[in-house]
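In: pasting the structure only:
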């Protein structure tokens with residue numbers, strides 16, 4: 001099933017919006033011609049294969065055992081550390097990712113939709129300061145190999 005998602009850089013988050021989040025650690029095994037990553041979150045481990053692109057992408061997730069995850073982790077080339085918060089907004093669940101480590105200071109919100117029409121009609125709140133859906137610098141695969149957040153973000 002395709003993933004239809006818009007992505008935004010987040011500015012100042014209104015007080016009380018973020019509740020407790022969960023730590024996410026993901027590493028990339030390959031990024032071309034498709035992204036292949038492994039991720040651990042809340043004791044679950046998975047392998048994901050995603051097509052490259054912007055708004056609509058193919059995504060397949062496969063569960064892994066902890067042993068399989070640990071074995072594959074030795075092969076990753078690029079890591080992302082973040083805390084994921086799920087926020088209810090206008091009938092959607094928004095995933096707000098607060099990055100740590102080398103990407104400290106970056107906060108991104110992702111909103112998934114059932115159709116491209118629904119995605120086009122979504123009006124982001126004012127704290128979503130810049131849409132980066134089609135900016136390849138904000139793909140997690142690109143962030144995993146970056147030394148710091150994209151430059152124009154921290155200005």
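Out: Done, it's in. Because the structure is predicted, anything quoted here is derived from the model rather than measured.

In: quick one, which residue of this structure lies the farthest from its center?
Out: Distance from the centre of the chain peaks at residue 67, with 24.1 Å (C-alpha atoms, centre = their mean).

In: Show residues contacting the lengthiest helix in the chain.
Out: Assignment by DSSP state H gives helix 66-73 as the longest helix of the chain. Residues outside helix 66-73 that contact it (C-beta atoms under 8 Å, 6 or more residues apart in numbering): 27, 29, 38, 40, 45, 47, 64. The C-beta positions use only the backbone N, C-alpha and C, and glycine is treated the same way.

In: can you do 7 Å?
Out: Residues from elsewhere that reach helix 66-73, judged by C-beta atoms under 7 Å, 6 or more residues apart in numbering: 27, 29, 38, 40, 45.

In: Which residues does the fourth one form beta bridges with?
Out: Spelled out, that is residue 40. residue 25, residue 45 (DSSP bridges).

In: What's the local residue count around it?
Out: 18 (other C-beta atoms under 10 Å).

In: Helices of this structure, start to end?
Out: Using DSSP H, the helices of the chain run over 66-73, 116-121, 140-145.

In: Going by neighbour count, which residues in the first one are buried?
Out: Of the residues in helix 66-73, those scored as buried under the neighbour-count criterion (16 or more other C-beta atoms under 10 Å) are 69, 72.

In: So for that helix, mean pLDDT?
Out: Regarding helix 66-73, the rounded mean pLDDT is 97.

In: now the helices of the chain as CSV including distance to residue 92?
Out: Shown next, in CSV, are the helices of the chain (distance: least, C-beta to C-beta, whole Å):
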stretch, distance to residue 92
helix 66-73, 29
helix 116-121, 9
helix 140-145, 20
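
In: how much space is there between the nearest residue to residue 75 once chain neighbours are set aside and residue 78?
Out: Nearest non-adjacent residue to residue 75, counting by C-beta to C-beta, 6 or more residues apart in numbering: residue 29, 5.7 Å away. Note on residue 29: its distance to residue 78, by C-beta to C-beta, to the nearest Å, is 9 Å.
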